[in-house]
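Visitor: Attaching a predicted model along with its sequence, questions to come.
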Amino acid sequence: MSSFKAFDIAGSGMAAQSVRLNTTASNLANADSVSGTAAGVYKPRHPIFEAVRAQLSTAGAAPESQPAVRVRGIYESTAPASQRYEPGNPMADANGYVFAPAVNVVEEMVNMISASRSYQNNVEVMNTSKDLLLATLRLGQG
């Protein structure tokens, strides 16, 4: 295995956590949005990750370069919207109700902190790998 594979693995982790941060930010930005119908309300989104194994090379063939983590897709929540009575709201239906997305702000903040820390850990893996490669190169000097 190449010493540079650590950069590929950490890079794929950083890309995945970046998607997670973006979807969480979108959920938080739309947490207070309302709609006049349950069907028109914002649906929280969450990424689905999958682990990918790099395929072993056969004799004479180069191995396929695949990331260690891949975003399979973005899942849209099916949780029902909450209904609030706000007759003065211009978005209210005929009965005075508005519909708010099923976004738990505390849960989303925890998700954002977790994604941020995971991203930072992948950056540290890249920095440590770089330092080790540079130290290996310096072994021949002197």
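Guide: Structure's in. What do you need?
Visitor: which residues of the protein score low on pLDDT?
Guide: Along the chain, segments meeting pLDDT under 70 span 1, 54-67, 142.
Visitor: what do you get if the cut-off is 90, keeping everything else the same?
Guide: 1-6, 51-70, 136-142 (pLDDT under 90).
Visitor: could you pull out the helices for it?
Guide: 5-29, 105-138 (DSSP state H).
Visitor: ok, the residue nearest to residue 96 when sequence neighbours are not counted - how many residues close by?
Guide: Residue nearest to residue 96 in three dimensions, not counting chain neighbours: residue 87, with 3.4 Å by Cβ to Cβ, 6 or more residues apart in numbering. No exception for glycine: its C-beta is placed from N, CA and C like everyone else's. Neighbourhood size, residue 87 [other Cβ atoms under 10 Å]: 10.
Visitor: Highest mean neighbour count out of the helices of the chain?
Guide: Highest mean neighbour count among these (mean count of other Cβ atoms under 10 Å): helix 5-29, with a mean of 18.
Visitor: got a list of contacts for that helix?
Guide: 44-47, 49, 54, 65, 67-71, 74, 101, 103, 105, 108-109, 111-112, 115-116, 118-119, 121-123, 125-126, 129 (Cβ atoms under 8 Å, 6 or more residues apart in numbering).
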